[in-house]
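Trainee: Quick one: sequence and predicted model below, then my questions.
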Amino acid sequence: MNINQNTSETPTKILVVEDELIAAENIARNLKKLGYEVIGIVDSGEEAIEAATNNHPNLVLMDIMLQGDLDGIEAAGHIRSELKIPVIYMTAYADDDTLGRAKLTEPYGYLVKPFKPQALRTTIEIALQKYQGEQAVELSYIKEIEQVKNQLEGLTNQEELAALTSRIILSDKFAKFVSKIHALKKDFSPTISVICLGINRFKRINDLGYEWGDLLIKSIVKKIQEFIPQNSIIARLNTDELVIILEPINTKSETTVIIENILEQFTQPYVLKQQKFLISANAGISIYPVDGEKLGKLLLKARNAMEYCRIQGDNRYNFYKKEAGKYQSTNTLQLENDLYSALSNKQFKIYYQPIVNLKTGQIVGAEALIRWQTSDGSIILPGHFLPLAEETGLIEAIGEFVLKSACEDVKALQDIGIGKIRVGVNISARQLNQLDLRQRLVKVLLNSGLAPNYVELDINETILMTNETTAIRSLHGLKTLGIQIAIDDFGTGYSSLSYLEKFPIDSIKINQNFIRKIDLNSTNQIITSAIISMAQKLNIRVIAEGVETEEELAFLVKNKCDELQGYVFNRPLPLVEFASLAESLASCPQMINDWINQQKKQVISLTDEQL
Ligand code: C2E
Ligand code: MG
């Protein structure tokens, strides 16, 4: 879009979205007087999107409170994210939740109705200037990215990489193959073969020194290149695994010939520095698109097929078959497979564990905790599958599912009148590293309609510590959305309390190891009360996790911990059960209050010496 249009020849084009006709006409009249071109007046979110899509205005003036299916914020969200057109909100009044949601769409200004022509002009001009500035920055950013990409491409041509494609651009190249296929005519449907080549007993050679291992890989790659089409990709997946992605348009029989040629090479010894090494290999193949459309899935399946033929003997190969999964040599491979189908078969469920305010006794929040309900009805806890999901990258899809479900569920609870509770969602290391995490979050929040201040991201202390600088930057970016941030498992990393100041955080969750039998453990008592008093000084909320006994609870109440989560109050519950609990408590908060007061009577007090 040409934004340089606010000149005498080409006036700035503005779309007015307002459902009060008289107000709309008045605004349009003022706009024209000020020299702008009004390209339309519409009164609903749907029409606003349609008009903006068809006419590409330079700016949209949007009434925040539109009647109808799409309110002003939802329509603006679409216009901002899909059409990249700046939006200014017009509002007579708005509560904090509405303003919180509006902020997510990153508007270019607000006009409080009724407004004077002068205010209208100033707000529009500031918005256009801001937008122009951003466009310039974005252009230079795109240029920079292009440069880095070119450098990466260049790298692969360098000799020292032995023509091995860097893992970073593996998916980029694969995507290019896919688009190549889609650009072809439909009457012939080519495929892409993804081959996982496992080199057996590689460790023996690597044990002689890494240079031996690298030398071997280089000569294997050199041999392979003789048999594969020129534009195919080879990358090293792990120490002893290579992936070969054949240039598209291969038929299965062509792939078979190539694999047989490659494996044939392993029947002869490799000679490195005058020494002979007899090694063997196995290959597994998956095919795009029949075995999957995503590279991650294809790699897993190819590896799966490779592992399967490893059991059958050296220098064999296998195309991926569903049944192969049943004969896996390790449980891990089986689990990898099952995890993939669990997501598409909707076997992941979210449980909610209440978080209770210790002063009021009310439920103020809930932590969303994932459970895997397998086809036989059994429930698997996250500790058994999340580490593997993190390793394989599936955590990104799982994490997105949890975030989306949690926001939708809590919004649904708010809609049926259950008090305004916040929801804690665990964010994994991989998710925190996603460059577009902030955008994803915005999308989920806008789609669910939940105001951002009800979402708390739980980020593990160790994750924050391992990449402090990036984490600080990323958290500041997330914080501007108006969400809350908690440091999870506090005390398990290198907890120097002083670093709390560096992070933009709202809560810390004390790890359950400190809480366990705290009434009997004076060291943990000292640590916990120090954490509480330090956090209070920094205006950070403290949540004690894993509170199981009344004695532990009593200590926390006495030491003015803000909130607790634990079996003493409730285990994680399915949404419906959580809802009925939250509802009964909301109508009778006195219930918990009495109970807590009763506990206070038996409180264990810390003496000054102990502190
Ligand atoms: P976490 O974030 O520290 O969550 C608290 C864990 O403590 C939960 O275990 C909860 O069931 C358990 N817990 C709560 N109260 C008590 C208690 O009084 N006693 C004992 N012994 N345990 C209690 P869970 O659900 O098994 O989750 C374990 C971990 O898995 C979580 O630890 C979190 O790090 C991770 N996790 C769970 N759901 C997700 C998710 O959706 N995404 C990600 N990335 N991680 C998740
Ligand atoms: Mg947590």
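Mentor: Looks like it came in fine. Numbers count the residues shown, from 1 in each chain. Ligands and ions are numbered 1, 2, ... in the order given.

Trainee: Residue of the stretch 351-500 of the chain nearest ligand 2, please.
Mentor: Ligand 2 sits closest to Asp458 of the stretch 351-500 of the chain, with a gap of 3.7 Å, by C-beta to the ion. Where you see a C-beta, it was placed from the backbone N, CA and C, and this is true even at glycine.

Trainee: Please apply the same query to the stretch 201-350 of the chain.
Mentor: Taking C-beta to the ion, the stretch 201-350 of the chain has Ile350 as its residue nearest ligand 2, at 12.8 Å.

Trainee: That residue against Leu369, yeah?
Mentor: Yes: under the criterion of C-beta atoms under 8 Å, Ile350 lies in contact with Leu369, with a separation of 7.1 Å.

Trainee: Which residues of the protein lie near ligand 2?
Mentor: Near ligand 2, the residues belonging to the chain are Asn426, Asp458, Asp488 when assessed by C-beta under 5 Å from the ion.

Trainee: can you redo those residues as a markdown table with distance to ligand 1?
Mentor: Formatted as a markdown table, these follow (distance: C-beta to the nearest ligand atom, whole Å):
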| residue | distance to ligand 1 |
| --- | --- |
| Asn426 | 3 |
| Asp458 | 5 |
| Asp488 | 5 |
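
Trainee: Please check these and keep the buried ones.
Mentor: By the neighbour-count criterion of 16 or more other C-beta atoms under 10 Å, the residues of the chain next to ligand 2 include these buried positions: Asn426, Asp458, Asp488.

Trainee: Identify, from those residues, the entry nearest to Gly133.
Mentor: The closest of these to Gly133 turns out to be Asp458 (C-beta to C-beta; 35.3 Å).

Trainee: How about the closest one: what's its closest non-neighbour residue?
Mentor: Closest residue to Asp458 in three dimensions, ignoring its sequence neighbours and counting by C-beta to C-beta, 6 or more residues apart in numbering: Asp488, at 4.2 Å.

Trainee: I'd like the distance between the one you found and Ser507.
Mentor: Summarising the geometry, the distance separating Asp488 from Ser507, computed by C-beta to C-beta, to the nearest Å, is 9 Å.

Trainee: Check the gap between the residue of the stretch 201-350 of the chain closest to ligand 2 and ligand 1 for me.
Mentor: Taken as C-beta to the nearest ligand atom, to the nearest Å, the spacing of Ile350 relative to ligand 1 amounts to 7 Å.

Trainee: where does the stretch 251-400 of the chain have low pLDDT?
Mentor: Scanning the stretch 251-400 of the chain for pLDDT under 70 picks out 322-334.

Trainee: all strands for it, in order.
Mentor: Ranges of strands within the stretch 251-400 of the chain are 270-272, 275-277, 280-288, 317-319, 348-357, 363-373, 379-380, based on DSSP state E, counting those that start in this stretch.

Trainee: Could I get these in CSV, plus columns for mean neighbour count?
Mentor: Rendered in CSV, the data for the strands of the stretch 251-400 of the chain read as follows (neighbours: other C-beta atoms under 10 Å):
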stretch, mean neighbour count
strand 270-272, 14
strand 275-277, 12
strand 280-288, 23
strand 317-319, 21
strand 348-357, 22
strand 363-373, 22
strand 379-380, 14
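
Trainee: Most proximal residue of the stretch 1-150 of the chain with respect to ligand 2?
Mentor: Residue nearest to ligand 2 within the stretch 1-150 of the chain (C-beta to the ion): Gly100, separated by 23.0 Å.

Trainee: which secondary structure element contains the residue nearest in space to the middle of the chain?
Mentor: Centroid check for the chain by C-alpha atoms, centre = their mean gives Gln431 as the closest residue, at 4.0 Å. Taking DSSP states H and E as the criterion, Gln431 maps to helix 429-433.

Trainee: Only the buried residues of that helix, if you could.
Mentor: Across helix 429-433, burial judged by 16+ other C-beta under 10 Å covers Ala429, Arg430, Gln431, Leu432.

Trainee: Let me have those residues in TSV, extended by distance to Asp207.
Mentor: As requested, the buried residues of helix 429-433 are exported to TSV (distance: C-beta to C-beta, whole Å):
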residue	distance to Asp207
Ala429	31
Arg430	31
Gln431	37
Leu432	36
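
Trainee: Closest one to ligand 1 out of the residues you listed, please.
Mentor: The closest of the buried residues of helix 429-433 to ligand 1 turns out to be Gln431 (C-beta to the nearest ligand atom; 6.9 Å).

Trainee: Return the residues in contact with that closest one.
Mentor: Ile395, Glu396, Gly399, Leu437 (C-beta atoms under 8 Å, 6 or more residues apart in numbering).

Trainee: which strands and helices sit next to the helix or strand where the residue of the stretch 351-500 of the chain closest to ligand 2 lies?
Mentor: Secondary-structure assignment from DSSP H and E places Asp458 in strand 455-460. Using 3 or more C-beta pairs under 8 Å, 6 or more residues apart in numbering; DSSP states H and E as the contact criterion, the secondary-structure elements in contact with strand 455-460 are strand 422-427, helix 468-479, strand 484-490.

Trainee: will you turn the ones you listed into JSON lines that also has distance to Ile540 and mean pLDDT?
Mentor: What follows is these, written out as JSON lines (distance: least, C-beta to C-beta, whole Å; pLDDT from 0 to 100):
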{"stretch": "strand 422-427", "distance to Ile540": "15", "mean pLDDT": "97"}
{"stretch": "helix 468-479", "distance to Ile540": "13", "mean pLDDT": "85"}
{"stretch": "strand 484-490", "distance to Ile540": "9", "mean pLDDT": "93"}
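
Trainee: what about the residue of the stretch 1-150 of the chain closest to ligand 2, which SS state?
Mentor: For Gly100, the assignment made with DSSP: H, G, I helix; E, B strand; the rest coil gives helix.

Trainee: Output the set of residues of the stretch 301-450 of the chain in proximity to ligand 1.
Mentor: Where proximity means C-beta under 6 Å from any ligand atom, the interface of the stretch 301-450 of the chain facing ligand 1 comprises Gln353, Leu369, Ile370, Leu381, Pro382, Gly383, Leu386, Gly399, Val402, Asn426, Ser428.

Trainee: Which single one of those is nearest to Gln525?
Mentor: Nearest to Gln525 among these, with distances taken as C-beta to C-beta, is Gln353, at 24.4 Å.

Trainee: hmm, back to that, present the contacts of Gln431 as CSV; the columns should include neighbour count.
Mentor: Listed next are those as CSV, based on neighbours: other C-beta under 10 Å:
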residue, neighbour count
Ile395, 22
Glu396, 19
Gly399, 24
Leu437, 21
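
Trainee: Okay, and the beta partners of Leu272?
Mentor: Beta-bridge partners recorded for Leu272 (DSSP bridges): Gln275.

Trainee: wait, isn't it in contact with Glu211?
Mentor: No: here Leu272 does not reach Glu211: they are 9.8 Å apart, not a contact under C-beta under 8 Å.

Trainee: Now go through the contacts of Gln431 and say which are in helices.
Mentor: In helices, defined here by DSSP state H, the members of the contacts of Gln431 are Ile395, Glu396, Gly399, Leu437.

Trainee: tell me the mean pLDDT over stretch 236-250?
Mentor: Regarding stretch 236-250, the rounded mean pLDDT is 83.

Trainee: List the buried residues of that stretch.
Mentor: Applying a neighbour-count criterion of 16+ other C-beta under 10 Å, the buried positions in stretch 236-250 are 236-237, 240-250.

Trainee: Show me which pair in those residues is furthest apart.
Mentor: Longest distance between any two of these is 29.8 Å, between Asp240 and Ile249; criterion C-beta to C-beta.

Trainee: For the residue of the chain most remote from its centre, what are phi and psi?
Mentor: Most distant residue from the mean C-alpha position of the chain: Gln274, 50.5 Å away (C-alpha atoms, centre = their mean). When quoted as degrees, to the nearest 10, the phi and psi of Gln274 stand at phi 60, psi 10.

Trainee: Now do Gly35 against Arg371, distance only.
Mentor: In this structure, Gly35 and Arg371 are 60 Å apart, going by C-beta to C-beta.

Trainee: Show me what the helix or strand hosting Ile531 is packed up against.
Mentor: Per DSSP H and E: Ile531 is located in helix 522-537. Here helix 522-537 is seen to pack against strand 507-510, helix 512-515, strand 541-545, helix 550-558 when contacts are counted using 3+ C-beta pairs under 8 Å, 6+ apart.
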